[in-house]
Every structure is written in structure tokens, then in C-alpha cells.
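Visitor: sequence plus predicted model, see below.
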Amino acid sequence: MAGIKTASGEYIDDSWELSVFVEDLGPEADPIKLRVTGNLHIGGIMLQIVDKLKLQRDWSDHALWWEQKKLWLLKTSWSLDKYGILADAKLHFTPQHKLVLLFLPNRCSVRVRANFAQPVFRTVGDICRLLAIRHPEELSLLRAPEEKDKRKAKEKEETAVQIYDLTSVRLPASAEQQFFRGMPAHFSDSAETEACYRMLSVSQTSLTPEQIVRMHRPGSLAEKTKINSRWLDSSRTLLQQEVKEQECLWLRFKYYSFFDLEPKYDAVRINQLYEQARWAVLLEDTDCTEEEMIVFAALQYRINQLSLNATPVEQSGESGLDDLDKALANLEVKLEGSSPAPSVLDSLTAIPELKDHLRIFRPRKLTLKGYKQYWVVFKETSISYYKSPEEALGEPVQQLNLKGCEVVPDVNISGQKFCIKLLVPSPDGMSEVHLRCADEQQYACWMAGCRLAAKGKTMADASYQAEKENILSFLKLQKTNPEMSLNAETEGAQWLVSPRYQKKFKPKQLTPRILEAYQNVSQLSLTEAKMKLIQTWQSLPDFGISYFVVRFKGSRKDEILGIANNRLIRIDLTVGDVVKTWRYSNMRQWNVNWDIRQVAIEFDEHINVAFSCISAGCKTVHEYIGGYIFLSTRTADRSQTLDEELFHKLTGGHEAL
């Protein structure tokens, strides 16, 4: 009821009645009626509510939520007039922290108290700190998929696992993580929290083959896009996005750009990353060849063996002596220097080249021609090929600039096939060229060069040698050792491959092959095996690509946009072929027209790309692109704090706030 106005127009009483619902009293309770004025501040209203309730308890976590505006009233010094609150406002006096159930990458569940009153970006940071996961900027929260029928609900009950409770755990005030008995100190309070840390940091091997077969697997590229419609907006709060208390949310690595993986500090992070990698392969979300799948199976078998008796203490890294040896080795390198000055100057002026005979094939429609041998010269970021070495001084048959191209391995160790597929950008789309190498050494050299050239780097770059060694290491894992004796211990090892290969091969065919590959990894420690599997996952052509259904400007059909950590990929929806690739390094600017929901990107050389989003909102796509650019700004300084304002600026959060 408003105040009474006199004939002169002045109010005798300018107060009015405000209704506030108190969540702690239950959903059926009547609201509390307060007599307020427009200049009363939010803090004063909260004091009046507490006085009326007459309950002795801690109210420090409570705040006011404005239901109609979907807005937290966290600025307690602001008045009702400043917020624009009138008598018809529905306010709720509710805790900022509420319980949620997190479904982790290792397919286990943990109950935590999450902050519903701050942006999801910050909430994920708090959750990761509780779970002892460094670099929370790589992760985010998804809504759980909807259960559409009773059959799926029944399957969910059958695969239900224990729920670990961390709602009572309190983090230390200091941001510096304290360790006790090889684990973060806040996990050492009880046997229950210690068991939770073991679940987080040690691989879980309890799922049965039948459960794996029943799990959902995406059947097409279009189906792979569905998961990306479920990501929560990082710039808005959980309550703004209508997340309910006790709701199940998925915690996953969203950005495939893993920074500073350190076994001593990252036992949980490495284990959860390993789990996300192996499930991506097992559930066929990331495609791989038959030989690559055997390598994954062998690594999983090794990890499962070691995980059965592993303790969290063993997961926390090397001993102090190992740390001392590392420090001394690093000091020795720094004192000795990397190389004499003349060779450094040479590397600045002379860029390494590759020259060799390779077989080349250019796929075309309605052609039966196969590979033909050429003399190929790889210089800087370009490949030129000639009919013979003598003609190398003249004009090449063709020259390919590899900057911005797609480099896809096509290897079959048993068949001695070492091919490199190059999808080179051209005015008419992607020009496809296949290079076939004679052996693995030649393949490693050329493949490493192609990968660097695609990023705009030459073979003079310091990462060339490491790239070549990683390729050789991966090829070595795929080799079989027939002379090694077979064990009967691998009964059931065929379940370490995806259902597609379970159907293709009988157990008696798969098991010996897995065990042969296992001999190559049998000496790895638990952490080394997990890191090797993560690296193997990263080397797959489809690694780290998030798919969206979009409609490009000027096109009449839907297409797929793939977003990776360093590029955007235009993909034909019907056949899955790559049409075009654009590198972030060539991006000049991008923005979203929120009125027509269209993303527009400008690249170098006046290349403009625009598309509307169909399978997910423009904000999600904008956040993916901006998120990867944000992650590229990180440095090796471990004490750095994340620039949340920059993240929201790059990901379009300032538009949503």
C-alpha cells in the first residue's frame, strides 16, 4: 500500500509493502511482509528479514534473488530505487551456496556445495580448487542429457555408482595448496574424504563390458554436435540459467589446450584427463584406426593393472630426491648453455630443408591413377615437387603452401603404409594431396615438418625435433613384438577397445594383438602410461574438435563448423569432408550480431566469414573461439592469476551481463 498523498502533492508516508519469500521456511510458507521505502538499502532489508525470523543461525551466506529479473541483489549498499525494485517484485531470501551433483570424466559422482550467485567461470574455479584440479579455465559445466524413456532410466540405475560427499569439506583460506600424506590437506580429514581423493586420482576399473556396450555412442557428425548445446554460459550464474539445487551437472574439460601438466601437482587433473581421453575413444567420439585402438587398449591394460594397488601417495609425483636431480639437471643446462654462438646464428639464417623422393597422389573424381614418384623439396612452409632432381632448378610441377592446411596421418604399420594427407586451402575449397613415404624415419621427418608448416612455423623452430620424436614414439607403440611370450592374464582384454572393433574381431583375435602391443608399454609407470595415452589421444586427427551445425552466409544448406584449439574448420555435413580451414593466427577480429544471431569473423587478406548457429547458441560458439584465444595468452608463471575480465571480454560475457 503506497503512502498517503496530501492536496499539495506531498507524501505523508512514502513507504510500501514488500513481500520476501524465505527459502529456508519451505516452498509452501507464506512470504514475509516488510514495510520499506525506496531509499532503503539491500543490507537493511536483509537485517529486517533476519529480525522477523527470530532464528539463531548463521545467515552470512544468504542473499536476495529477484525472480522476475533473474538477478542477484549482491550490492548491499544499493537502495531499492537504484535497483528499480517496486512493490510487485518477487524477492527470495536464499543461500548463495547450494548442493549439486557433479558427474566427473571418470564417470563417478561427487556431491559438492556450489556457488549459485557468481558466474559459472568462477564457480568452476572454486569446484576445481576443492577437487585439487589446477587450471580450471580448461573445464566447464554441462547440463546432464535428458532421460527420454524408462529404459534409459533403468540403464542409469543399473550403472549407478557410489556418490562421494564433499559438502562438509572446507578449503583453507590460503590459495597455496597444502599437502599431507601425499594428498591435499583438506582430503585428510576423514576416511571418507581420503576415499574420495583415491577415486579422483586413481583410475576406476569397476565398469563391466556389458555397461560399456550399452553406453550411448554418437552415430554421426550431426549427433556429435548435440553435446555442445548443453554447455552452461560461463558469464552467468547457475541460478540465472535455472539450475536447480541437487541437479546433476557434468564437469568436463571443455577446451583441449592442456597447460603445464605436472605429475607432482596434477594427480587428479592427469587422471581425469586420462579418463576423458579413454572414454572419448571407447565411445567413438574421437575416431582412430585399428592399430591406434590396439595401442589405446594396451595402455589401458597397463594402467588398469597398476591402478588396482595404487595409492594416492604414489600418484602425487616423484620423491624429493627426484626433484633434486631434476633441479640440478636444469641448473646444469642453464650453466652450460644450449649451443655455441655460431650455430645459433646459423639457425637464424639457414632454415633446414627436406629433399627426397616421395610418391604423390592427387585424388580426383573418375580417375584410376595411383601414386607417382617425384622429387620433393620442403622449404620453409612450402612443398614443391619435380619430375626429377635435375629439374629442381626450374619450375615445379606444383607448389603447395601448407600454412593453414589440414595434416592427416594415414598409417598402417603392418602394411608398411606411411602416408600424409594434406588438405590445402584453395580458392575452390580444399585441395587434397597424399604424400607416401618409404619408411617411418622419412615419414616422421616430413610429418613433423608438415605439422609445423600448417601452423606457420618452419623446421628451424625449436619444436621440430620434439615433434619428430613424438611421431616416432607413437609409431613404435603400434609395432608388435611376436617374439614376446603371451600370458593368459589378458582374459577380457578385448573389452578395452570400442564396440565397433569388438564386433569386427573375435576375442581370440584381439587379445594376442593387445598383449603384443602391451610389451611396448609394460615398463611404463602409472603416471607415464596415463601421460602416454593422453599424448596418443592428442596425436589423433580428430582430437579436440568441437562440432556445431551452422548455416554459412550465402549458403542454402546446413554445414558443420569444427572448432579446435588453433583453427576453425568448415565441414560438409553429408559426407564429412573438410571444405575449408581458417587459423586463429590469421584472425583479425570477430563479433556477434545479437539481433540476427550471426557470428562474423574477419581474417587476413580480406577474408570474411559469417554464419548463424543452429545446434547451439551464438554465445556458445563465441565463447569457444574466445576461450581458445584467452588460453593462448597463458604464461609459464605458476603464480599468475586468471584475468576473468579478459576472459569475459573475449567470450562475449560482457554482452550477456
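Guide: Everything's here; your move.
Visitor: residue 299: what secondary structure?
Guide: helix (DSSP: H, G, I helix; E, B strand; the rest coil).
Visitor: surely it is in contact with residue 520?
Guide: No - using Cβ atoms under 8 Å, residue 299 is not in contact with residue 520; the gap is 9.5 Å. No exception for glycine: its C-beta is placed from N, CA and C like everyone else's.
Visitor: intersection of neighbour lists for the two?
Guide: residue 477 (Cβ atoms under 8 Å, 6 or more residues apart in numbering).
Visitor: mind checking which of the two has more residues around it?
Guide: Between residue 299 and residue 520, counted using other Cβ atoms under 10 Å, the more crowded position is residue 299 (29 against 21).
Visitor: gap between the closest residue in space to that one that isn't next to it in sequence and residue 215?
Guide: Residue nearest to residue 299 in three dimensions, not counting chain neighbours: residue 533, with 4.3 Å by Cβ to Cβ, 6 or more residues apart in numbering. As for residue 533, its distance to residue 215 is 19 Å (criterion: Cβ to Cβ, to the nearest Å).
Visitor: now do residue 231
Guide: With Cβ to Cβ as the criterion, residue 231 and residue 215 are 21 Å apart.
Visitor: more neighbours, those two?
Guide: Using other Cβ under 10 Å as the criterion, residue 231 and residue 215 rank with residue 231 on top: 22 against 14.
Visitor: isn't the more buried one up against residue 255?
Guide: No - counting by Cβ under 8 Å, residue 231 stays clear of residue 255, with 11.0 Å between them.
Visitor: mind listing what's buried in the helix or strand residue 164 falls within?
Guide: Assignment of secondary structure by DSSP states H and E places residue 164 within strand 163-165. Using 16 or more other Cβ atoms under 10 Å as the test for burial, strand 163-165 gives residue 164.
Visitor: average pLDDT across it?
Guide: Across strand 163-165, pLDDT averages out at 91.
Visitor: that strand packs against which elements?
Guide: strand 109-115, helix 191-201 (3 or more Cβ pairs under 8 Å, 6 or more residues apart in numbering; DSSP states H and E).
Visitor: ok, and what's touching it?
Guide: 101, 108-111, 192, 195-196, 199.
Visitor: in its sheet, what does it sit against?
Guide: strand 109-115 (parallel) (DSSP bridges).
Visitor: okay, the angle between the very next helix or strand once past the partner strand and strand 109-115?
Guide: For strand 109-115, the following helix or strand on the C-terminal side (DSSP H and E) is helix 120-130. Interaxial angle of helix 120-130 relative to strand 109-115 (axes from the mean of the first three to the mean of the last three Cα atoms, to 10 degrees): 130 degrees.
Visitor: can you offset everything so residue one is 604?
Guide: Happy to do that; since the first residue is 604 now, the last one works out to helix 723-733.
Visitor: what lies in contact with helix 723-733?
Guide: 705, 715, 717-719, 737-740, 742-744, 769, 772, 774, 789, 835-841, 844, 854, 1245, 1247, 1250-1251, 1256.
Visitor: which of those residues fall in helices?
Guide: Mapping the contacts of helix 723-733 onto helices (DSSP state H) picks out 1247, 1250-1251, 1256.
Visitor: restricted to buried residues, select the contacts of helix 723-733 in PyMOL.
Guide: Buried members of the contacts of helix 723-733 can be picked out in PyMOL with the line below, counting by 16+ other Cβ under 10 Å:
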select buried, resi 705+715+717+718+719+737+738+739+740+742+743+744+769+772+789+835+836+837+838+839+840+841+854+1247+1250+1251+1256
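Visitor: neighbours around residue 629, how many?
Guide: Using other Cβ under 10 Å, residue 629 has 8 neighbouring residues.
Visitor: no no, residue 674
Guide: Neighbour count of residue 674, defined by other Cβ under 10 Å: 16.
Visitor: what stretches of the stretch 754-903 of the chain score poorly on pLDDT?
Guide: 754-764, 775-785, 808-814 (pLDDT under 70).
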